[in-house]
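**Student:** sequence? don't have it. structure:
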Ligand SMILES: [Zn+2]
């Protein structure tokens, strides 16, 4: 049976779940949190690498900051888009004010910036606030 690796959005442990059928229920083997939770996960330096390195599904990261108006405008669109990709893409957020090392590491110049990672590598980057449909269209190319 083929399996895909999903990183728990709550405890950041890697779980392997069957990929060959419609999954109705999947809980983290470590903490019991639902792996179907599509709410974007907030990442720091430590959890960021766990998701980027261990996830078999694309990780869609919104680099934002609390003082950024367009970021706040995009936040509900990002959540809305995330809800369409259970077990297909992991949506995540990096607060660049709290974690400047991460924005430096990826050379973030303007926010919001969305970077899509697959198998540990950046595969796409877009800057500026997007509506939900644009985010869904973008992620669909990689999920
Ligand atoms: Zn967990």
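**Tutor:** Thanks, I have it. For clarity, every value in this text was computed on a predicted model and none was experimentally measured.

**Student:** which residues sit in contact with the most centrally placed residue in the chain?
**Tutor:** For the chain, residue 91 is the residue whose C-alpha lies nearest the centre (CA atoms, centre = their mean; 2.4 Å). Counting by CB atoms under 8 Å, 6 or more residues apart in numbering, residue 91 touches 38, 40-41, 60, 62, 78-79, 81-82, 85. Placement of C-beta: from N, CA and C, glycine included.

**Student:** Equivalent analysis for residue 56, please.
**Tutor:** By CB under 8 Å, 6+ apart, the residues touching residue 56 are 4-6, 119.

**Student:** Select, from those residues, the two members most distant in space.
**Tutor:** By the measure CB to CB, 6 and 119 form the most distant pair in the contacts of residue 56, at 14.1 Å.

**Student:** ok so, going back, please identify the pairing partners of the stretch of helix or strand the residue nearest to the centre of the chain belongs to and their relative orientation?
**Tutor:** Per DSSP states H and E: residue 91 is located in strand 90-95. Looking at strand 90-95 with DSSP bridges, its partner strands are strand 41-42 (parallel), strand 59-64 (parallel).

**Student:** chain center to the shortest one: distance?
**Tutor:** What it means is strand 41-42. 8 Å (CA atoms, centre = their mean, to the nearest Å).

**Student:** still on that earlier bit, looking at the contacts of residue 91, which one is closest to the ion?
**Tutor:** residue 41 (10.8 Å; CB to the ion).

**Student:** Let me see the ranges of the helices in the protein.
**Tutor:** 45-54, 69-82, 100-105, 132-140 (DSSP state H).
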